[in-house]
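J.: model this:
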Amino acid sequence: MKKALFLDLDNTIYPVSSISEYLFKPLYDLIDEFKNEMDKEVLKNAIYQISRRPFHYVADEFHFPLVLKNRGIELLRNMSYGMPMKAYEGYDLLKSIPINKFLITTGFSKLQWSKVEMLGIKDDFNEIHIVDLEISTKTKKDVFNDIITRFNYKIEEILVVGDDPESEIKAANELGLQTFLFDPDDKHPNTMVTYRHNHLKNILNYIN
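T.: Presented below is the predicted three-dimensional model:
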C-alpha cells in the first residue's frame, strides 16, 4: 500500500490554460516586442510551452535573446495571481484520501504560492515545496530524495503524480519510484510510466 503521494501543481491539480490568457498577458506582450528577431513558428511553439514548463527552460531551449530572457524573468519574479481558480475534476476526491501528500512544483515562489492560495489547497498537503530556480539549485529529484530520507519511506510506498515527462516523471523514474502520468489530452502516449490516465480519480486504483 502507498504511504505518500508526490504531486505536481501546474497542469496536474489545475489546468494552466484556465488562467494563462490573463496571467501571462504581460509576458506575451513582452515577447511580442521581439517577434521580428525570432522565427514565427519557433516563437509560436515557445509561447505554447510557456504554459506547460518553467520559463527558464523555455527561454534556453528556444534561444530567446538574453535581454528578453532577463526581462521575462524579472516580470515573472514579481508576478502573482489573485483571481478565483478551480482544480481539475476529481481533485476533491483525491485530496480526501487518508494518505500523506506532498506538493512539489517548479516556478517562481511568489507566483506559485499565490496559486496555492487561490486554489485553497495549502492544508491538503503535509508539505509544500517550490523549486525556485532563482534562489536554489535544488531539483525535484533532490526534493523527492529529501522527503524519502526524512520520512523513512520505501521506494514502493510512493506514487509520483504529474503531467510532465521531463520534470517530475523523469525525476521519479531516475529514483525508481512509481509514476502516474496525468495526460488528459493524450499528449505523451510513448512516455515510460507505471500508470497513465486522463482523470485524476483513477489514482485511487493504484494506491492500495
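
J.: Quick one: find the helix or strand in this structure with the lowest mean pLDDT.
T.: helix 40-50 (a mean of 87; mean pLDDT, DSSP states H and E).

J.: Give me the buried positions along that helix.
T.: The neighbour-count check on helix 40-50 (16 or more other Cβ atoms under 10 Å) flags 43, 46-47, 49-50 as buried. Backbone N, C-alpha and C define where each C-beta goes, glycine included.

J.: can you check stretch 169-185 too?
T.: Those would be 169-173, 177-183, for stretch 169-185 by 16+ other Cβ under 10 Å.

J.: just stretch 199-208 next, same as before
T.: 200, 203, 207.

J.: For the second one, give its distance to Gln112.
T.: Noted for Ile203: a distance of 22 Å to Gln112, by Cβ to Cβ, to the nearest Å.

J.: one step back: kindly reformat the buried residues of helix 40-50 as JSON lines containing distance to Ile155.
T.: Below are those laid out as JSON lines (distance: Cβ to Cβ, whole Å):
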{"residue": "Leu43", "distance to Ile155": "42"}
{"residue": "Ala46", "distance to Ile155": "36"}
{"residue": "Ile47", "distance to Ile155": "38"}
{"residue": "Gln49", "distance to Ile155": "31"}
{"residue": "Ile50", "distance to Ile155": "34"}
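
J.: before we move on, the earlier item: please save the CA atoms from the least confident helix or strand of the chain in PDB.
T.: These are the backbone C-alpha positions of helix 40-50, laid out as PDB (Å, rounded to 0.1, in the frame of the first residue of the first chain):
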ATOM      1  CA  LYS A  40       7.500  32.800 -36.400                       C
ATOM      2  CA  GLU A  41       6.900  29.000 -35.900                       C
ATOM      3  CA  VAL A  42       9.600  28.800 -33.200                       C
ATOM      4  CA  LEU A  43       8.000  31.700 -31.300                       C
ATOM      5  CA  LYS A  44       4.500  30.100 -31.600                       C
ATOM      6  CA  ASN A  45       5.800  26.800 -30.100                       C
ATOM      7  CA  ALA A  46       7.700  28.700 -27.400                       C
ATOM      8  CA  ILE A  47       4.600  30.600 -26.300                       C
ATOM      9  CA  TYR A  48       2.700  27.300 -26.100                       C
ATOM     10  CA  GLN A  49       5.400  25.800 -24.000                       C
ATOM     11  CA  ILE A  50       5.400  28.700 -21.500                       C
END
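
J.: what is the mean pLDDT for the very next helix or strand once past it?
T.: Later in the chain than helix 40-50, the nearest helix or strand by DSSP states H and E is helix 55-61. In this model, helix 55-61 has an average pLDDT of 91.

J.: helix, strand or coil for the residue in the chain sticking out farthest from the centre?
T.: Taking Cα atoms, centre = their mean, the residue of the chain most remote from its mean C-alpha position is Asn36, at 30.5 Å. Classification of Asn36 using DSSP: H, G, I helix; E, B strand; the rest coil returns helix.

J.: Now do it against Lys201, distance only.
T.: Here Asn36 is placed at a distance of 47 Å from Lys201 (Cβ to Cβ).
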